[in-house]
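> Kindly return the folded structure for what I paste below:
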Amino acid sequence: MARMLDAAEALLEEKSWSELTIQDVVSRAGTSVGSFYGRFKDKDGLLHALDERFFVIMIEMIEAAVAQPDWESMTLAATIARLAQLTVDLHSQKRGLMRTLILQARLINDLRFREREARLNSHIPQLLALVLAHRDEIRHADPQTAVQFGLLQMFYTAREMLLWPHLEESMPYQGEALVQALARAYLGYLCVEIG
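Numbering: from 1, shown residues only. Next up, the predicted model:
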């Protein structure tokens, strides 16, 4: 099963979900169509297995970041810079898979996508708390809402800029410059003076 999931992920870097065939997956995985159907009901079953595995990885990345012991000693600017780096890191790997999951979750009315998204969103308060620990530095009139909106804004900006090749090619910022730009935008929204 892992070989088929790995094969599908690799193929999604090259082609869209609609172009991907079960034969493509089993050929790349070095298995058979019978083996595929022994593990998945159909192509949608493969999609949900990919989605489940991917969200487990994302949750592990977030939990590992939150567990780092030095958050309390960091400034607000350093905290947001690290969150910007995490955001870019999350969106820089498995781009084809992420694109596919985002599109399919919106096209297919399947509660399993929403349930996994809700599990991921349940980790957002941990990230917000890291920023809200610096509430005294935030000059926005509504710090609680601003911290949440700013984090989502950074997340969705990175997602759009990194997942869609036509946007990435015309993007003024790449790599570390993108991380810095996202952090500056978040700090600016929080009405924090940027040095």
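> all contacts plus neighbour counts: C-alpha atoms, from now on.
Fine.
> So which residues of the chain form helices?
For the chain, the helices defined by DSSP state H cover 2-12, 22-29, 33-39, 43-66, 76-92, 95-107, 111-121, 124-132, 143-163, 165-169, 175-189.
> neighbouring contacts of the second one?
Looking back up the chat, that one is helix 22-29. 3-4, 6-8, 11, 32-33, 36, 43 (C-alpha atoms under 8 Å, 6 or more residues apart in numbering).
> again with stretch 112-131
Stretch 112-131 is contacted from outside by 48, 51-52, 55, 58-59, 62-63, 66, 71, 76, 79-80, 83, 105, 147-148, 151, using C-alpha under 8 Å, 6+ apart.
> Mind picking out the helix or strand in the chain with the poorest mean pLDDT?
helix 165-169 (a mean of 74; mean pLDDT, DSSP states H and E).
> Can you pull out the residues in contact with it?
Surrounding helix 165-169, the residues in contact under the criterion C-alpha under 8 Å, 6+ apart are 160-162.
> Return the residues in contact with the closest residue to Lys15 other than its chain neighbours.
Leaving out its chain neighbours, the residue that sits closest to Lys15 by C-alpha to C-alpha, 6 or more residues apart in numbering is Gly96, at 8.0 Å. The contact partners of Gly96, by C-alpha under 8 Å, 6+ apart, come to 9, 12-16, 163.
> still on that earlier bit, can you flag the weakest of the helices of the chain by average pLDDT?
Note on the helices of the chain: lowest mean pLDDT is at helix 165-169, with a mean of 74.
> Cool, thanks, signing off.
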